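J.: Quick one: sequence and predicted model below, then my questions.
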Amino acid sequence: MFPKPKAAIAPNTYEYETTPLVKPTGFREYDARWLLEKEINLIGVQALGLGMATLFHELGVRPDIVVGHDFRGYSMSVKTALISGLMAGGMRVHDVGLALSPMAYFAQFDLDCPCVAMVTASHNDNGWTGVKMGAARPLTFGPDEMNRLKEIVLEAKSKAREGGSYKFIPGFAERYMADLAKRPKLKRKLKVIAACGNGTAGAFAPKVLEAIGCEVVPLDAELDHTFPKYNPNPEDLKMLHAVRDAVLQHKADVGLAFDGDGDRCGVVDDLGEEIFADKVGVMLARDMSAGGKGGQFIVDVKSTGLWLTDPVLKQNGVKVDFWKTGHSYIKRRANELKAIAGFEKSGHFFFGPPFGRGYDDGILSAIAVCEMLDRNPDKKCRICVWRCRALGSRRPCRRIAMTKRNTASSIKS
Ligand SMILES: [Zn+2]
């Protein structure tokens, strides 16, 4: 249907307007990402959609697909081009509109669609676009599917098919938020900073946290796809510093920082210090296995040695499996071993049933942290005490010492 895509085409030319541009490097191990206009044009996105439809048919799944897009100036155009390709390839498209990645994953369950294509460049600079996709919920594509997709698209092996259709699902965000908030309310009022870096999560995370009973101080929660302050990325120091300052200013119990597509959540304690994701994992595992419940946890090989040495994890009977870095691998492994949770070091957490559905949802991670704090109250000083205990720090809690000094001086792990 489309001619073979080219790896480079000069913009503002006849060829640019008539030929798919798809740079091969955009096909990555477990998702796809390109600089829009420079590395992929909209015909290229159409060709990608048709290629995906061809692959979904090859995989033999029912051709129902959820699509969504993140909050960027061009994401809707990219999604529309992708949809036209998917429909030409015979996919029945269920569009949930503006969404977080986990909202699209939730829709696969809620709308009973085997496939998903989420248009997002996550936390990356403006100019980038990408697609996270899957055909076996809650998993997303791995290297095998990505390589085959690359071959189909770049060698123009796609097939057009009858039967494509389009349906917009109104009010889906409310369904997603209601699902997350459907749980007992927190017993005590936690004051939380919900930092969104003006990204998509700003439309959803503060509302959900309020609904579960938190006192929420939103930080940069207004949507603004120029990202006037910093990119929504909880690994970015600018974002962490802003969260630290807000935690200290508002005397919050915890700071929660969401990335651009809402599948990750960074955690800052009540002293304003970032707690790295692997250590948040240790704390959550301690909490979720409390009372000797034990259970299987999957962690990134690069994670802290505490996973092997922590006496409480041992006492609780926790089984730890160290697995290959990369959120797709950790997700697969966690689902394979029916783990209670899988923790990837950049902040993707995968909670198995009944707490989660096996995919990464930053808002659900935030809820897990809030519920952990709710279950482990400490009159003296909340999360930093819990953190010191759980992370094997020899130092006593430094809250008192810290508050005497200028606390806004540094961020440590
Ligand atoms: Zn993300």
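T.: Arrived safely. Numbering: from 1, shown residues only.
J.: Show me the strands in the stretch 101-250 of the chain, by range?
T.: With DSSP state E, counting those that start in this stretch as the criterion, the stretch 101-250 of the chain has strands at 115-119, 128-134, 165-168, 191-195, 215-219.
J.: Give the burial count for the residue in the chain positioned nearest to the ion, as a bare number.
T.: Nearest to the ion in the chain, going by CB to the ion, is Ser122, at a distance of 3.7 Å. C-beta: built from backbone N, CA, C; applies to glycine. Ser122 is flanked by 23 other residues according to other CB atoms under 10 Å.
J.: repeat for Thr325
T.: For Thr325, the tally of surrounding residues (other CB under 10 Å) stands at 13.
J.: go on, Leu337?
T.: Neighbours of Leu337 under the rule other CB under 10 Å: 16.
J.: isn't it right up against Val320?
T.: No - Leu337 is beyond contact range of Val320, at 10.9 Å (criterion: CB atoms under 8 Å).
J.: Can you work out which residues contact both of these two?
T.: Common contacts of Leu337 and Val320 (CB atoms under 8 Å, 6 or more residues apart in numbering): Ile298.
J.: Skipping its backbone neighbours, what lies nearest Gly266 in space?
T.: Pro234 (2.5 Å; CB to CB, 6 or more residues apart in numbering).
J.: Name all residues that make contact with that neighbour.
T.: Going by CB under 8 Å, 6+ apart, Pro234 touches Ala195, Leu240, Ala257, Phe258, Asp259, Arg264, Cys265, Gly266, Gly347.
J.: Tell me how many other residues surround the second one.
T.: Same thing as Leu240. Using other CB under 10 Å, Leu240 is surrounded by 22 other residues.
J.: Do I have it right that Trp34 meets Thr129?
T.: Yes - applying CB under 8 Å, one finds Trp34 in contact with Thr129, separated by 6.1 Å.
J.: What parts of the stretch 151-300 of the chain come near the ion?
T.: Where the stretch 151-300 of the chain comes near the ion, counting by CB under 5 Å from the ion, the residues are Asp259, Asp261, Asp263.
J.: Quick one: low-confidence residue ranges for this protein.
T.: In the predicted model of the chain, residues 378-413 satisfy pLDDT under 70.
J.: residues touching the most centrally placed residue in it, list them.
T.: With distances taken as CA atoms, centre = their mean, the chain has Asp263 as the residue nearest its mean C-alpha position (1.3 Å). Residues in contact with Asp263 (CB under 8 Å, 6+ apart) are Leu100, Ser101, Pro102, Ser122, His327, His348, Tyr359, Asp360, Asp361, Gly362.
J.: In this structure the first one contacts Asp70, no?
T.: Yes - counting by CB under 8 Å, Leu100 does reach Asp70; the two are 7.4 Å apart.
J.: higher neighbour count, the two?
T.: Each of Leu100 and Asp70 has its neighbours counted (other CB under 10 Å); Leu100 has more, 31 against 28.
J.: List the buried residues of the longest helix seen in the chain.
T.: The longest helix of the chain (DSSP state H) is helix 42-59. For helix 42-59, a neighbour-count test (16 or more other CB atoms under 10 Å) marks 42-56 as buried.
J.: can you state the direction angle for that helix and strand 128-134?
T.: Angle of helix 42-59 versus strand 128-134, following axes from the mean of the first three to the mean of the last three CA atoms, to 10 degrees, is 10 degrees.
J.: let's have the chain start at 283 instead
T.: Sounds good: first residue 283 from here, last item helix 324-341.
J.: by contact count, what packs against helix 324-341?
T.: helix 357-370, strand 397-401, strand 410-416, helix 425-436 (3 or more CB pairs under 8 Å, 6 or more residues apart in numbering; DSSP states H and E).
J.: which one of the ones you listed lies closest to Thr300?
T.: When these are compared by CB to CB, helix 357-370 sits nearest Thr300, at 14.7 Å.
J.: got a list of contacts for the closest one?
T.: Contact partners of helix 357-370, identified using CB under 8 Å, 6+ apart, comprise 283, 318, 324-325, 327-335, 347, 349-351, 375, 377, 399, 401-402, 411, 413, 442-443, 446-448.
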